[in-house]
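[1] No letters, just coordinates:
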C-alpha cells in the first residue's frame, strides 16, 4: 500500500498463503482517516509491489510487467506504459528515477519525461 494526498493505493493478489480471491488495485479515500472509503477498483493480472511519486503510479503486475499510470483522477487512471520485464516484484520511485526488482535482476528507469526510459540492468 502507498499513500499520496487523500488516497491510498493497495494491491490484492490471489494465489497466496492468505488465500486471496482477486487480483486488483483498490483506491481508498483516506481524507477522513477514521472512515476510509473504497473509491474504485481496477483489475490486475497478478500485482505485487507498487510505488507512487506525485501523480506517477507504478505497479509490478507479475508476468504482465511493470505498469505506469497517471493518477490525476482516481476514477480515470490512464495507463501510460507497460514494460515487459518478466516477473516484476517491487519498485521504488524517487524524483524521476525508478528502481525495479524482478525475479532475475534489478532495473533502473528514468520517468522524468513522462515515459519510462531504461538506464541500466543488473542480472542475478
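    Now that the structure is in, tell me what you want to look at. Because the structure is a prediction, the values reported are computed rather than measured.

[2] Now do the contacts for the closest residue to residue 66 other than its chain neighbours.
    Using CB to CB, 6 or more residues apart in numbering and skipping residues adjacent in sequence, the residue nearest residue 66 is residue 83, 4.4 Å away. For the C-beta atoms, the positions are set from N, CA and C on the backbone; glycine is no exception. Counting by CB atoms under 8 Å, 6 or more residues apart in numbering, residue 83 touches 65-66, 68, 109, 116, 118.

[3] hmm, 7 Å instead?
    Taking CB atoms under 7 Å, 6 or more residues apart in numbering as the contact definition, residue 83 lies against 65-66, 116.

[4] What's the local residue count around residue 89?
    Counted with other CB atoms under 10 Å, the burial measure for residue 89 works out to 14 neighbours.

[5] let me redo that: residue 9
    22.

[6] Quick one: which of the contacts of residue 83 is the most crowded by neighbours?
    Highest count within those by other CB under 10 Å belongs to residue 66, 22 neighbours.

[7] on that earlier part again, how close does the residue nearest to residue 66 sit to residue 38?
    28 Å (CB to CB, to the nearest Å).

[8] which stretch of helix or strand covers residue 85?
    Using DSSP states H and E, residue 85 maps to neither a helix nor a strand.

[9] Just the buried residues of the strand or helix carrying residue 26, please?
    Residue 26 belongs to strand 24-29 when elements are defined using DSSP H and E. The neighbour-count criterion (16 or more other CB atoms under 10 Å) identifies 24-28 as the buried residues of strand 24-29.

[10] swap in stretch 100-114?
    Taking 16+ other CB under 10 Å as the basis for neighbour counts, the residues of stretch 100-114 that come out buried are 100-102, 107, 109, 111.
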